[in-house]
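S.K.: Provide a 3D model corresponding to the input given below.
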Amino acid sequence: MSSWRSWHRPLVLFSASMAVVAVVSAVGLVVDDRVLVGAPIWAKPLKFSLSFIAYGLSLAWMLSLLDRGRRTGWWAGTVVAATSAVEMLIITGQVVRGKRSHFNHQTPFDETLFNAMAVTVVILWFATVAIAVLLLRVRITDRASAWAMRCGITIALAGAAVGFLMTQPAAGQRRGESPVVGAHSVGVPDGGPSMPLTGWSTTGGDLRIPHFVGMHALQLLPLLLMALLALAPRVARLADERVRLRLVLVGSGTYAALFALVTWQALRGQPLIHPDGATLTAAALIAGGAAAGTYAALRTPTGPTTHSSKELEVAA
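M.R.: Residues are numbered from 1 along each chain as shown. Model prediction:
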């Protein structure tokens, strides 16, 4: 694995700054009792800063694996760091003002801030697309590692794209007329009964769920690969690179199906914790497919066993 010193420096520095914002936000939750849209006002910058720490460090590591296009990757990563910093500056600044940052068209100033944030999100998404394209071309000795990274960033891009659905007018909203245009919830107003910690709606659909699930594939699929590598010395079949590759592909397919399921559930206005029969049936099919795929992947491979002692390294 590449040394952290070779990781993308601007993204590492941005992630460090988000750690500071997370601490400040946590203190804010304790000392500031203001509530905005049904949630403690400092909850949003806390959740965003923690998410950006994971996102930034993941991309910083992945960019260190590039064997070509490194200059393009550096600029794309820097754009991600800069646009993310602008977004967090607006979110935190609006908290200080006691205003909502997302979907706020109440005053010309609030609308300008939200529009600026929307532009940064679009730029951030396309910069991540550029990084994904570079990672699809990178040569990595261990194929399981390569596909964990590629599938993770692809699903993360789909998860990020769910955010664009939130900007569409909800029921009763009109562009140019309503003070709020857009919503996290589907079928119910934002700010209603919600789950603890996450704040996800318990009475309607919530697009933040697929947004969260999708974006964190960037961390969870590489973590699956790392878990397989950690178990390899004790589980003989996992010592074979082909078995690990199969398991990573099964895990990636299962994760993509789960992302599709929670997106479908949210768009139908259904709370995560109150699935209907169709959702439960789809979940059962996904679980069955994952079990069958895992069984097939763990079957004793034919031919000579392949061992890789240089996982996650870029091919020379």
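S.K.: okay, CA-based contacts and neighbour counts for the rest of this
M.R.: OK.
S.K.: the helices in this structure, which residues?
M.R.: 9-31, 43-63, 70-97, 108-137, 143-166, 208-215, 217-231, 241-267, 277-298 (DSSP state H).
S.K.: can you put those in CSV and add distance to residue 187, mean neighbour count and mean pLDDT?
M.R.: As requested, the helices of the chain are exported to CSV (distance: least, C-alpha to C-alpha, whole Å; neighbours: other C-alpha atoms under 10 Å; pLDDT from 0 to 100):
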stretch, distance to residue 187, mean neighbour count, mean pLDDT
helix 9-31, 29, 18, 97
helix 43-63, 22, 21, 95
helix 70-97, 25, 19, 96
helix 108-137, 23, 18, 94
helix 143-166, 12, 22, 94
helix 208-215, 14, 24, 96
helix 217-231, 27, 19, 94
helix 241-267, 9, 21, 96
helix 277-298, 17, 15, 97
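S.K.: Show me the one of the ones you listed that comes nearest residue 172.
M.R.: Closest of these to residue 172 is helix 143-166, at 14.7 Å (criterion: C-alpha to C-alpha).
S.K.: Quick one: distance of the closest one to the chain centre.
M.R.: Averaging C-alpha positions (C-alpha atoms, centre = their mean, to the nearest Å) puts helix 143-166 7 Å from its chain's average.
S.K.: residues near residue 206, how many?
M.R.: Neighbourhood size, residue 206 [other C-alpha atoms under 10 Å]: 31.
S.K.: Adjust the sequence numbering to begin at 340 for everything that follows.
M.R.: New numbering, starting at 340: the last item is residue 545.
S.K.: From residue 475, how far out is it?
M.R.: Relative to residue 475, residue 545 is positioned 31 Å away (criterion: C-alpha to C-alpha, to the nearest Å).
S.K.: Kindly report the same for residue 603.
M.R.: Distance, residue 603 to residue 475, using C-alpha to C-alpha: 28 Å.
S.K.: likewise residue 404?
M.R.: Remark: distance between residue 404 and residue 475 (C-alpha to C-alpha) = 11 Å.
S.K.: And residue 510, by the same measure?
M.R.: Distance, residue 510 to residue 475, by C-alpha to C-alpha: 40 Å.
S.K.: next one: residue 618
M.R.: Distance, residue 618 to residue 475, by C-alpha to C-alpha: 33 Å.
S.K.: again, but for residue 355
M.R.: Taking C-alpha to C-alpha as the measure, residue 355 and residue 475 are separated by 27 Å.
S.K.: swap in residue 594?
M.R.: 19 Å.
S.K.: And for residue 496?
M.R.: Counting by C-alpha to C-alpha, the separation of residue 496 from residue 475 is 14 Å.
S.K.: before we move on, what about residue 449?
M.R.: Distance, residue 449 to residue 475, using C-alpha to C-alpha: 39 Å.
S.K.: Give me the nearest residue to the residue nearest to the spatial centre of the chain, chain neighbours excluded.
M.R.: Residue closest to the average C-alpha location in the chain (C-alpha atoms, centre = their mean): residue 554, at 1.4 Å. The shortest distance from residue 554 to any non-neighbouring residue, by C-alpha to C-alpha, 6 or more residues apart in numbering, is to residue 495 (3.9 Å).
S.K.: so who does that neighbour touch?
M.R.: For residue 495, the contacting residues are 553, 554, 555, 556, 557, by C-alpha atoms under 8 Å, 6 or more residues apart in numbering.
S.K.: cool, residue 602 as well?
M.R.: 546, 548, 549.
S.K.: Recalculate using a threshold of 7 Å.
M.R.: Residue 602 makes contact with 546, 549, according to C-alpha atoms under 7 Å, 6 or more residues apart in numbering.
S.K.: do you know how far residue 559 is from residue 521?
M.R.: 29 Å.
S.K.: I'd like the distance between the residue lying closest to residue 621 once chain neighbours are set aside and residue 609.
M.R.: Excluding the flanking residues, the one nearest residue 621 by C-alpha to C-alpha, 6+ apart is residue 600, at 7.3 Å. Using C-alpha to C-alpha, we find residue 600 at a distance of 11 Å from residue 609.
S.K.: Kindly report the same for residue 482.
M.R.: Separation of residue 482 from residue 609 (C-alpha to C-alpha): 38 Å.
S.K.: repeat for residue 622
M.R.: Per C-alpha to C-alpha, residue 622 is found 14 Å from residue 609.
S.K.: so residue 577 makes contact with residue 583?
M.R.: Yes: if you go by C-alpha atoms under 7 Å, residue 577 and residue 583 touch, sitting 5.9 Å apart.
S.K.: Please enumerate the shared neighbours of the two.
M.R.: Common neighbours of residue 577 and residue 583, using C-alpha under 7 Å, 6+ apart, are residue 567.
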